[in-house]
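A.B. asks: quick one, what's the 3D model for this:
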Amino acid sequence: MELLPSLLSALKAVDPGTVDQEYNMVRSQSVSLKRELGLTTEAGALKENIKKNRYKDILPYDQSRVVLSLPTTDSNSDYINASFIRGATGDCHYIACQGPLSSTLTDFWRMIWQFDVQVIIMACREIEMGKRKCECYWAAAHQPATFGPFTVSSQGETQPNDDMVIRTMDVTFQQITRSVTHYQFLSWPDHDVPYETSGVLDLLERARTSQGAHTSPLLIHCSAGCGRTGVICALNYIHDLLVSKKITKDFSILEIVLELRRQRPSAVQTKDQYQFIFTAVTSLLERFLQASQHQLYCNLPEQKKPETRSTTARVSSAKRLSQQVTMNDTYAVVNKPKQPQVPPSGPAYSIVANPRSSSGARTLPLSHHYDNDSAGASAAAPIYSTVKPRAKPHSLALSATPIYDIAEPANHRPREGPQYTLVSADHLTADDDDYEDFSSSVSDMTGFCSPGGIGFNCRVQKPRGPRDPPAEWSRLER
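C.D. replies: Below is the predicted model of the structure:
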């Protein structure tokens, strides 16, 4: 754990030029590794298997390819364009696969059934930039689909955010039914990278939760099963290194990507995808450190945890109300004879609610606003201005499914809550009160001042009649 802060600092200090040089090394060393290790692609190049490859230059290595052994009446071939990839613990933790073709849908489900796959991550859409990238291999709601001897039925589909769709499916083969969870990531353009890392990291966290302690491989695919698929495998591999505490001082993203390429050709296909791994791992380390600090804090039994805000607010409100009642019983309010008012040495202040900041929290201004500093203001002019809420803007209608190159960030959310504007005291009408009015969400007004008020004139109720006080108020008590 002590190693993580230094790794995080090192990743943040990496120069983009260094990343470019490393990726060029990945490409050149991949060619050398293929020759030195004797990696071949003979099975994928066979005449009967050529039509099963989406791209003729992306063929699985014979040494790591998935070999099908489940016979069906539709297909008995052992070939599918998919590769085993070892995880952080050394076992075959992933299957990296191309998106199925119409002619390989049955083989795709043969592979899922043979290796008891329970979680699928799909990092592409069916159609991108007008080209079909993957065939639909799932079922629509209430409409079971048949792929050779396999019957797939939908048990539910949700879209927790703009980035992903989660489907739960039941697959039946020879009167045996299994459940499969399908995660489709929508915000990853082909040969490109997502706009932010949080969407991918959240998807992987959900997938790991669904996988649980199940030992079957995690199936990951995009269109070709190398670029986006390689990035996801690398990120999940690094997460497993952190969890298993196998990460070392010589940790190298370059070595991890090269290890992937020994098992799946062209894994992490572009320079931008390679750079994205650095950015995503930085966010992953930050999350891991925050979670570790929170766990450490929770495990300290002697440390007093702070009171919640709601409890503190109730105590403060009760104490303030008790002080108000005591002061009302002790002091009398005396209105002194009118005298010519002298302009105060300091300006009158008005504390107004600022519009919400970018983080969503309401803040007070750094300096007070002067309400009565206009030259030649009449002494009888109202001292306090009136603050009125600005009308909440109508939210924009959501557009249709976004195209990749114009998709907005996922965490982009419209600002919420009331907005306020300051109305000058010179523009107040005769009907306006002399006091600053603040809208409050507290409906139970049990004291002289609402808990949401600004706290002045708390001991005197607001006059209900004319502005001049009753005559008996002008007598001085002796």
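A.B. asks: C-alpha from now on. contacts and neighbour counts both.
C.D. replies: Noted.
A.B. asks: count of neighbours near Q143?
C.D. replies: 11 (other Cα atoms under 10 Å).
A.B. asks: find me the pLDDT at H142, would you?
C.D. replies: pLDDT, H142: 85.
A.B. asks: enumerate every residue touching it.
C.D. replies: Contact partners of H142, counting by Cα atoms under 8 Å, 6 or more residues apart in numbering, are 153-154.
A.B. asks: and it, how far from P160?
C.D. replies: To P160, H142 is 21 Å away according to Cα to Cα, to the nearest Å.
A.B. asks: ok, P265 touching L59?
C.D. replies: Yes: P265 lies in contact with L59 (Cα atoms under 8 Å); the separation is 7.2 Å.
A.B. asks: okay, these two: which has more neighbours?
C.D. replies: Set P265 next to L59 and count neighbours by other Cα under 10 Å: L59 wins out with 27 against 24.
A.B. asks: need the phi and psi values for Y137.
C.D. replies: Here is the backbone geometry of Y137 (degrees, to the nearest 10): phi -110, psi 10.
A.B. asks: what about the nearest residue to it once chain neighbours are set aside, how many neighbours?
C.D. replies: Distances taken as Cα to Cα, 6 or more residues apart in numbering put L105 closest to Y137, at 6.7 Å, once the chain neighbours are dropped. Other residues near L105 number 17, with proximity taken as other Cα under 10 Å.
A.B. asks: with Y61 instead?
C.D. replies: Y61: 25 surrounding residues under other Cα under 10 Å.
A.B. asks: quick one: residues contacting it.
C.D. replies: Residues near Y61 by Cα under 8 Å, 6+ apart: 39-42, 83, 263-265.
A.B. asks: with those residues in mind, which one is nearest to L242?
C.D. replies: Q263 (22.0 Å; Cα to Cα).
A.B. asks: can I assume that closest one is in contact with F84?
C.D. replies: Yes: contact criterion Cα under 8 Å: Q263 and F84 qualify, at 7.0 Å.
A.B. asks: what do the two both touch?
C.D. replies: Common neighbours of Q263 and F84, counting by Cα under 8 Å, 6+ apart, are S64.
A.B. asks: compare the two (neighbour count), which wins?
C.D. replies: F84 (25 against 22).
A.B. asks: which stretches of the stretch 201-350 of the chain aren't confidently modelled?
C.D. replies: Applying pLDDT under 70 to the stretch 201-350 of the chain picks out residues 294-350.
A.B. asks: go again using 80 as the cut-off
C.D. replies: Across the stretch 201-350 of the chain, the ranges flagged by pLDDT under 80 are 291-350.
A.B. asks: equivalent analysis for the stretch 51-200 of the chain, please.
C.D. replies: For the stretch 51-200 of the chain, the ranges with pLDDT under 80 are 73-75, 90, 190-191.
A.B. asks: state the distance from A141 to Q155.
C.D. replies: According to Cα to Cα, A141 stands 7 Å off from Q155.
A.B. asks: which one's more surrounded, these two?
C.D. replies: Q155 (16 against 13).
A.B. asks: how much space between the more buried one and A139?
C.D. replies: 9 Å.
A.B. asks: ditto for T270
C.D. replies: Counting by Cα to Cα - T270 and A139 are separated by 33 Å.
A.B. asks: cool, and G90?
C.D. replies: G90 sits 34 Å away from A139, going by Cα to Cα.
A.B. asks: quick one: which of those two has more around it?
C.D. replies: With neighbours defined as other Cα under 10 Å, G90 and A139 compare such that A139 has more, 19 against 8.
A.B. asks: doesn't S154 make contact with that one?
C.D. replies: Yes: if you go by Cα under 8 Å, A139 and S154 touch, sitting 5.6 Å apart.
A.B. asks: list residues touching both of those two?
C.D. replies: Counting by Cα under 8 Å, 6+ apart, the shared contacts of A139 and S154 are M169.
A.B. asks: out of the contacts of Y61, who's the most crowded?
C.D. replies: Within the contacts of Y61, R264 tops the neighbour count with 28 neighbours, counted by other Cα under 10 Å.
A.B. asks: show me what contacts it?
C.D. replies: 60-61, 64, 83-85, 96, 226.
A.B. asks: out of those residues, who's nearest Y274?
C.D. replies: Nearest member of these to Y274, counting by Cα to Cα, is C226, at 12.3 Å.
A.B. asks: skipping its backbone neighbours, what lies nearest the closest one in space?
C.D. replies: A267 is the one closest to C226 (Cα to Cα, 6+ apart), at 4.3 Å.
A.B. asks: and P160, what element?
C.D. replies: Using DSSP states H and E, P160 sits within strand 150-161.
A.B. asks: give me the sheet partners of that strand and which way each runs.
C.D. replies: strand 145-147 (antiparallel), strand 164-173 (antiparallel) (DSSP bridges).
A.B. asks: which of the ones you listed sits most buried?
C.D. replies: Comparing those by mean neighbour count (mean count of other Cα atoms under 10 Å), strand 164-173 ranks first with a mean of 19.
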